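Participant: Here is the input, now give the coordinates:
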Amino acid sequence: MKKSVIALLGVSCLGSLALVSGAFAEPVDETLTIDGEEMITVAPAPTEPPGHAFEQVESGWLYREPETRATQMDSFENPGMLNVERGEEIWNTVDGAAGKSCATCHEEASETMAGVGANYPKWNAKAGKPFNLELQINACRTENMEAEPYKFDAQDQKDLVTFIRHQSLGEPVAIDLAEGEMMSWWEKGKERYYLRTGQLDLSCASCHESANGKYIRADHLSQGQTNGFPTYRFNTGGMVSLHNRFRGCVRDTRAEIPTAFSDELMALEVYTAWRGEGLSVETPAVRQ
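Facilitator: Down below sits the predicted model:
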């Protein structure tokens, strides 16, 4: 009985931690400049569809510690740029029975991929669902290169996605909800965003909306924007994909963890991308 009571109290305390503990602090009022280009770190929240929780959207960079912010501003210091370089090598490497590389079809990525990463996820009519960059890359590998698809979070997958997304550095996020059935996926994603799950009874909104600006220990809770993914995180010492982060957050609520690229998480990616429309792509962003 004593053990059960302690366990219950622990769950109760942790469940309320994201909502009520810690001091509140405004995000910094600073400018993020990378390679001489000023990033959009604050933008008016999208008004269509109506019902956005915030009047303005804010990059997670504004909530980070000074050392972390400085690391992202300096491409020579940003550890994620090593993954960009490795991704470029993969882009130009022939793989698969068709004897092709990404560059075989798409040539110079700085030209053909410019702006592409800012517009994903996109509707894929053939699959009848939204595709993110990971799914699109795997489709290209299997259909055009006759190569094996990447397994979730394979290092080559993360590096290639980081490289492609980096070609849109500074471009504002904008996804097309009028395409195909994207709107229905947006609605499913919104439902998932506010769904409380797990023993801690938390939703995405519990931390990134209700507790936005508060601290959990040393972590200053941002709006949870996705414009910087894949992101280099100091606490893991490597690049973290968006679906890895989604699954980690669900795990932390002590709920059953969804499969990466499942319909549930793809809908959530559609919705969270929309929540951050207008913010610059920052990949590779740096977080703690």
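Participant: From here on, just use CA atoms for contacts and neighbour counts.
Facilitator: OK.
Participant: who's in contact with T93?
Facilitator: T93 makes contacts with K100, S101, C102, as judged by CA atoms under 8 Å, 6 or more residues apart in numbering.
Participant: can you list these in CSV and add pLDDT?
Facilitator: Compiled in CSV, the contacts of T93 are given as follows (pLDDT from 0 to 100):
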residue, pLDDT
K100, 98
S101, 98
C102, 98
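Participant: ok, of those, which one's closest to E146?
Facilitator: K100 (8.6 Å; CA to CA).
Participant: who's in contact with that closest one?
Facilitator: T93, V94, N144, M145.
Participant: G36 versus that one, what's the distance?
Facilitator: 35 Å (CA to CA, to the nearest Å).
Participant: Same question for E171.
Facilitator: For E171, the distance to G36 - CA to CA - is 14 Å.
Participant: And these two? Which one has more around it.
Facilitator: E171 (22 against 9; other CA atoms under 10 Å).
Participant: Out of the contacts of T93, list just those in helices.
Facilitator: The members of these that map onto helices under DSSP state H are C102.
Participant: And the strands in this protein?
Facilitator: According to DSSP state E, the chain carries its strands in the segments 33-34, 37-38, 42-44, 56-58, 122-124, 129-131, 215-216, 219-220, 231-233, 238-240, 285-287.
Participant: Any chance of TSV for those strands, columns distance to L177 and mean neighbour count?
Facilitator: Shown next, in TSV, are the strands of the chain (distance: least, CA to CA, whole Å; neighbours: other CA atoms under 10 Å):
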stretch	distance to L177	mean neighbour count
strand 33-34	29	16
strand 37-38	27	11
strand 42-44	18	16
strand 56-58	18	20
strand 122-124	9	20
strand 129-131	10	21
strand 215-216	33	19
strand 219-220	31	18
strand 231-233	25	23
strand 238-240	26	20
strand 285-287	25	25
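Participant: out of the ones you listed, which comes closest to E26?
Facilitator: strand 219-220 (9.4 Å).
Participant: Pull the residues that contact that closest one.
Facilitator: Contacts to strand 219-220, defined as CA under 8 Å, 6+ apart, come from residues A25, Y63, R64, G213, K214.
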